[in-house]
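Trainee: Based on what follows, work out the 3D shape:
(4 chains)
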Protein chains: 4
Amino acid sequence: METTKPHLQDDLGLGLQPVLHNQRVINRDGSANIRRLGTPFFRTADMYNALINLQWGYFNLMVFLAYVLINILFALIYVGLGIENLDGIKLQGTDFQHFMDAFFFSAQTISTVGYGHISPSGLATSFAAALESLIGLLSFALATGLLYGRFSRPSAKIRYSKNMVVAPYKDITGLMFRLANFRSNQLVEVEVSVSLTYNATVDGKSVRQFFPLELERKSIGLLTLSWTVVHPITEDSPLKNMDEEFLKANEAEFLVMLKAFDDNFSQTVHSRTSYTDEEVVWNAKFISAISRDESGVNLLELQKIDALEVL
Amino acid sequence: METTKPHLQDDLGLGLQPVLHNQRVINRDGSANIRRLGTPFFRTADMYNALINLQWGYFNLMVFLAYVLINILFALIYVGLGIENLDGIKLQGTDFQHFMDAFFFSAQTISTVGYGHISPSGLATSFAAALESLIGLLSFALATGLLYGRFSRPSAKIRYSKNMVVAPYKDITGLMFRLANFRSNQLVEVEVSVSLTYNATVDGKSVRQFFPLELERKSIGLLTLSWTVVHPITEDSPLKNMDEEFLKANEAEFLVMLKAFDDNFSQTVHSRTSYTDEEVVWNAKFISAISRDESGVNLLELQKIDALEVL
Amino acid sequence: METTKPHLQDDLGLGLQPVLHNQRVINRDGSANIRRLGTPFFRTADMYNALINLQWGYFNLMVFLAYVLINILFALIYVGLGIENLDGIKLQGTDFQHFMDAFFFSAQTISTVGYGHISPSGLATSFAAALESLIGLLSFALATGLLYGRFSRPSAKIRYSKNMVVAPYKDITGLMFRLANFRSNQLVEVEVSVSLTYNATVDGKSVRQFFPLELERKSIGLLTLSWTVVHPITEDSPLKNMDEEFLKANEAEFLVMLKAFDDNFSQTVHSRTSYTDEEVVWNAKFISAISRDESGVNLLELQKIDALEVL
Amino acid sequence: METTKPHLQDDLGLGLQPVLHNQRVINRDGSANIRRLGTPFFRTADMYNALINLQWGYFNLMVFLAYVLINILFALIYVGLGIENLDGIKLQGTDFQHFMDAFFFSAQTISTVGYGHISPSGLATSFAAALESLIGLLSFALATGLLYGRFSRPSAKIRYSKNMVVAPYKDITGLMFRLANFRSNQLVEVEVSVSLTYNATVDGKSVRQFFPLELERKSIGLLTLSWTVVHPITEDSPLKNMDEEFLKANEAEFLVMLKAFDDNFSQTVHSRTSYTDEEVVWNAKFISAISRDESGVNLLELQKIDALEVL
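Mentor: So this is what the prediction gives:
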């Protein structure tokens, strides 16, 4: 089979090596399917990003555990410095009682509650308490920043249809997928680009090639409903002479890149996804996800975004 | 009546379905007139946006109520764990007095004031207090982020004239509306685009069509005075052969999109609005909102931005 | 005298009315010389901007006074609710002593220090104290946001030369001014545009006209040294046939707009200024502000940026 | 030797003076090799940037020392106002004990812990304590902002190869260097520009000239692997007739500017570096840093980014 190569594309920085079976170039969630060795073990900005992206359950658990651990640590310090330096504690108690008293004194110090029914005396214990309250204030300063970052970070949550379809389009056929904004923010100036990549044989060597796909429309002003992105399979399309088997045989993958302006956060956001040959349904079309409610207002049903009908 | 279609436009992502009477495509405040089903019940970023956009009165009330409720909750916990574990409380009081003492102890704990005239004893109560102070610190970290977000969020407050007018313009007529910056920040690099949309009949089917309108000027460098945006109704204008009745009969709507750079927040901002056929006044012109004060300085009277004179 | 009008420009949104003597269109500091009536008395974002731009001395004074005033207010409340509800206070003192005790109790409550040697009792006083600590926490949340905003706000501090000069340039003359970055941040992708505006007579009416001036170079990649912006006075220049008297007679003004990317804050920044006819020095040239230090490193002396030499 | 000057470039704002031996125009870390005199001694934004860019060890040390110093200062104030105004202190102690008690009272006040076993009495001491708690709250507000700024600041950490190589490229040779993202964030829309600068003699005067170098590819969509940036040395290249000696004799330097969009922080970031003539290796090529792990996933070994092989 011969394939036309109308617009051989830059490789998007994704490398020219052929791809093995079941290996995506870009994962469905938009991340790149690569591993990197030699990055530094710890970087502030990377840790910040990790904490920002952690699920709320894990984040809260982590904060709670950090609070308990640092109090255990300081409780051991206070016990080590001598429990008699904590005024107000019952000196006749057991070791466990002493530890718990020191633990709660630590909690009252690091949170700066400082009821004062237990208070430090002696240089070492007083100094440890002064240090702990400093650590407490800085820790909560850090937590403030993290919580603000978690809340205020703009990011596109685009809901892409599970499948691409090859459907009738005007007099020809078109490769189509659907997307909608999954959040209630306003996305304006939305731009999409789609590329086809597959293992090709050039000069007897197997290499990965990338082809941009012309779209019926590359951008919309305001993404309020769902948007069906269409690549018309014209005479100029790299897909013109390809069929389902060709795509499967050459590990074809369709890369989708989206850029938009988030009107609520006033910042540009990006989103990516990909469709493998197995996620393309031939001779099917999408069922409309848009209807009208009883009062005449347009109604978008996001759960119907995957709905398609085989022809 | 025949209408020219010089520049059939992308539908801006607003759908091709005809619009019913009294249904706008874009609301006056710039939001899209659609409903969305299937969005997740709760999303952090959506809640953040809601809290950021809440009016100050409601926001303050909400914070106050949350403070009272969480203190009631912890007061019940402290009473449940045994009022005798709160040292310094009057044990001979009534249940209500116990509850109020626990309530105020809770308030002193969650705010980290911790006077200490009431202090926790016993493992369970001490632990509840330690947990409450942690919750308090995180809650106020969150409040800090919300308050910062409420204050620092850039957003354009554009005052659009209530009506569009069709007024004499040079030798022809022009469709005009007026806008001004309602805030005291500096808006630079202001760009405006205007589209006409109406229900048209194509191949016997009623569809919604969109036409961009050429403007006398698409952008200005600095928005300090009011700006009268003009679409000259030339031979090439989609409005050339339309009259008031045609617009009414076809549910015409003019969509306005504005983009600017906010010089105070150093960020790009967007604003949208629309005018229905009923908000267009034919054969009228705007009365100048700009005059000069006694010292010769230009004076913009924002309250006059709607002022027009029927010819 | 006849003036060529090679590129009649959009009016930059600055209005078409002629300008009176000694009235600038844009002030030296980049603000527009207009007054606006009808803006709302209070807007959150405007207040935020005002507080962000306040000088540090005034800002600190304001915070201190607010702290004193709110404590006076709550002291009066505590005294009003009965000084006997503040446990630990000397009841036999004078009214002034009572007020001062209540004042310091208030300070200890709003700052959440809460030593506890004075503590509230009774429902009303306890509730007032609980409310005050909430107000304290929110106030300091707000202060945190303001301080962060004051520190982290990107803004270009461009040092423009005091004068423009008309100096020899290649075989002709050029209108020149000089600018340098006054802060230690990195400005990249710096773009400048210059316009000439003066009172012209069109169809017998006096109107304000605007002409863009072509620059030898409109942008530089990195602003590390000083940049001499040059408008070559070619045959096509609107300045070609103008002289000092023409500019003075017609209230000429040169508007300068600068846009750059702040590499430290990763945001776009803008700066504006203007030169009136009186700030243009004819037949003068700038003295270099760049030399080389003993080790061969380029040396920029910012205090020399205004230095010029009359020819 | 004759050199072609196909595209004499703007000087990027870096000055036209020839460069001395061993003086770079741009340092390896991307900063400009200049000194500036006359900048204000102190500017808020500059101090913020300095504190944001300080290493964590120094930053923590600085916070700790500031905490100790301010407590020493307030301890001296409390001692000066009379130690008898601190209720709960042992009055019979030595001066050192008094100072330490005042020091710890200060620490408990500024951190708003306020245990209360020591509490202020008397107007002056009470007022000093009220002021100290205000200072404490503002200081920690400031620390919150700094910590957030340190964590959340977007910045590209690009790992550039130590050397440029002149290697075979298709039928000719090419000047190449390699780069990769050193952080785990996603960089999209990455653009690179490369310029050559050297001391040239124009009209008998030694001046610094700048030439842009055409690249095989100026941008990539997604920087996930390493990117080998190639300037093909075609007939049109300014490098066409230059050899190693010419570059050395004229203090040649290659300036690299990179711009990208950080997908995690949703902001544009810039990076710069330079290569001197001594950092160019002639007739060498890079060894691939990309391989495939056992499961078929692409593997980027960042530590191999400098690896080259002399031909």
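Trainee: check contacts around the residue in the stretch 201-311 of chain A that chain C sits nearest to.
Mentor: In the stretch 201-311 of chain A, the residue that lies nearest chain C is A:Gln267 (10.3 Å; C-beta to the nearest C-beta). All C-beta atoms are positioned from the backbone trio N, CA, C, and that covers glycine. For A:Gln267, the contact set (C-beta atoms under 8 Å, 6 or more residues apart in numbering or on different chains) comprises A:Pro154, A:Phe261, B:Gln267, D:Ser266, D:Gln267.
Trainee: ok, what's across the strand from it?
Mentor: Beta-bridge partners for A:Gln267, by DSSP bridges, are A:Asp262.
Trainee: Quick check: the gap between whatever residue of the stretch 51-200 of chain A ends up closest to chain C and A:Val297.
Mentor: Residue nearest to chain C within the stretch 51-200 of chain A: A:Gly116 (5.2 Å; C-beta to the nearest C-beta). A:Gly116 sits 60 Å away from A:Val297, going by C-beta to C-beta, to the nearest Å.
Trainee: who has more neighbours, the two?
Mentor: With neighbours defined as other C-beta atoms under 10 Å in any protein chain shown, A:Gly116 and A:Val297 compare such that A:Gly116 has more, 27 against 13.
Trainee: and the top strand by length along chain A, which strands flank it?
Mentor: Using DSSP state E, we find that the single longest strand of chain A is strand A:187-202. Here strand A:187-202 is paired, per DSSP bridges, with strand A:205-213 (antiparallel), strand A:219-223 (antiparallel), strand A:253-262 (antiparallel).
Trainee: Turn those into a markdown table, columns for mean neighbour count, distance to B:Asp171 and mean pLDDT.
Mentor: Putting these into a markdown table (neighbours: other C-beta atoms under 10 Å in any protein chain shown; distance: least, C-beta to C-beta, whole Å; pLDDT from 0 to 100) gives the following:
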| stretch | mean neighbour count | distance to B:Asp171 | mean pLDDT |
| --- | --- | --- | --- |
| strand A:205-213 | 17 | 46 | 84 |
| strand A:219-223 | 21 | 32 | 85 |
| strand A:253-262 | 23 | 39 | 91 |
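Trainee: What is the helix or strand bottoming out on mean pLDDT in chain A packed up against?
Mentor: Using mean pLDDT, DSSP states H and E, strand A:34-37 stands out as the lowest-scoring helix or strand of chain A, at a mean of 78. With contacts taken as 3 or more C-beta pairs under 8 Å, 6 or more residues apart in numbering or on different chains; DSSP states H and E, strand A:34-37 sits against strand D:298-301.
Trainee: thinking again about what came up before, which positions within the longest strand of chain A qualify as buried?
Mentor: A:187-190, A:192-200 (16 or more other C-beta atoms under 10 Å in any protein chain shown).
Trainee: can you redo the residues you listed as CSV with pLDDT?
Mentor: Shown next, in CSV, are those (pLDDT from 0 to 100):
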residue, pLDDT
A:Leu187, 88
A:Val188, 88
A:Glu189, 88
A:Val190, 92
A:Val192, 94
A:Ser193, 92
A:Val194, 94
A:Ser195, 91
A:Leu196, 92
A:Thr197, 89
A:Tyr198, 88
A:Asn199, 87
A:Ala200, 85
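Trainee: for those, which one is nearest chain B?
Mentor: Once C-beta to the nearest C-beta is applied, the member of these that ends up nearest chain B is A:Val188, at 5.6 Å.
Trainee: The closest one touches A:Ser266, doesn't it?
Mentor: No - contact criterion C-beta atoms under 8 Å: A:Val188 and A:Ser266 do not qualify, at 10.6 Å.
Trainee: list residues touching both of the two?
Mentor: B:His270.
Trainee: circling back to that earlier point, please list all residues in contact with the residue of the stretch 51-200 of chain A closest to chain C.
Mentor: Neighbours of A:Gly116 in contact, by C-beta under 8 Å, 6+ apart: A:Gly88, B:Gly114, B:Tyr115, B:Gly116, B:Ser119, C:Tyr115, C:Gly116, D:Gly114, D:Tyr115, D:Gly116, D:His117.
Trainee: Mind checking which of these are in strands?
Mentor: In this view, the contacts of A:Gly116 that belong to strands under DSSP E are B:Ser119.
Trainee: from the contacts of A:Gly116, which is closest to A:Asp243?
Mentor: B:Gly114 (74.1 Å; C-beta to C-beta).
Trainee: Tell me the pLDDT of that closest one.
Mentor: The model reports B:Gly114 with a pLDDT of 93.
Trainee: In this structure it contacts C:Gly114, no?
Mentor: Yes - applying C-beta under 8 Å as the test, B:Gly114 and C:Gly114 come out as touching, 5.0 Å apart.
Trainee: shared neighbours, those two?
Mentor: Contact with both B:Gly114 and C:Gly114 is made by residues A:Gly114, B:Gln108, D:Gly114, according to C-beta under 8 Å, 6+ apart.
Trainee: so who does the last one touch?
Mentor: I take that to be D:Gly114. Contacts of D:Gly114 (C-beta under 8 Å, 6+ apart): A:Thr112, A:Gly114, A:Gly116, B:Gly114, C:Gln108, C:Thr112, C:Val113, C:Gly114, C:Tyr115, C:Gly116, D:Gln108, D:Ser133.
Trainee: Show the contacting residues for the closest residue to it other than its chain neighbours.
Mentor: Excluding its sequence neighbours, the residue lying closest to D:Gly114 (C-beta to C-beta, 6 or more residues apart in numbering or on different chains) is C:Val113, at 3.7 Å. C:Val113 is in contact with B:Val113, C:Ala107, D:Gln108, D:Thr109, D:Thr112, D:Val113, D:Gly114, D:Ala129, D:Ser133, counting by C-beta under 8 Å, 6+ apart.
Trainee: So which of the strands paired with strand A:187-202 is nearest B:Ile26?
Mentor: strand A:219-223 (7.9 Å).
Trainee: buried sites along the helix or strand where A:Pro168 lies?
Mentor: Using DSSP states H and E, the element containing A:Pro168 is strand A:164-169. The neighbour-count check on strand A:164-169 (16+ other C-beta under 10 Å) flags A:Met164, A:Val165, A:Val166, A:Ala167, A:Tyr169 as buried.
Trainee: Got the confidence number for the closest residue in space to the second one that isn't next to it in sequence?
Mentor: Distances taken as C-beta to C-beta, 6+ apart place A:Ala284 nearest to A:Val165, at 4.3 Å, with adjacent residues excluded. We have a pLDDT of 93 for A:Ala284.
Trainee: Kindly report the same for A:Phe42.
Mentor: pLDDT, A:Phe42: 66.
Trainee: cool, and A:Ile233?
Mentor: 95.
Trainee: now do A:Thr228
Mentor: 91.
Trainee: list the contacts for it?
Mentor: A:Thr228 touches A:Met176, A:Phe177, A:Arg178, A:Phe286, counting by C-beta under 8 Å, 6+ apart.
Trainee: With A:Asn250 instead?
Mentor: Residues near A:Asn250 by C-beta under 8 Å, 6+ apart: A:Tyr198, A:Asn199, A:Ala200.
Trainee: what sits opposite the residue nearest to A:Thr276 when sequence neighbours are not counted in the beta ladder?
Mentor: In this structure, A:Thr276 finds its nearest non-sequential neighbour in A:Glu253, 5.3 Å apart by C-beta to C-beta, 6+ apart. With DSSP bridges as the criterion, A:Glu253 is bridged to A:Thr197, A:Thr276.
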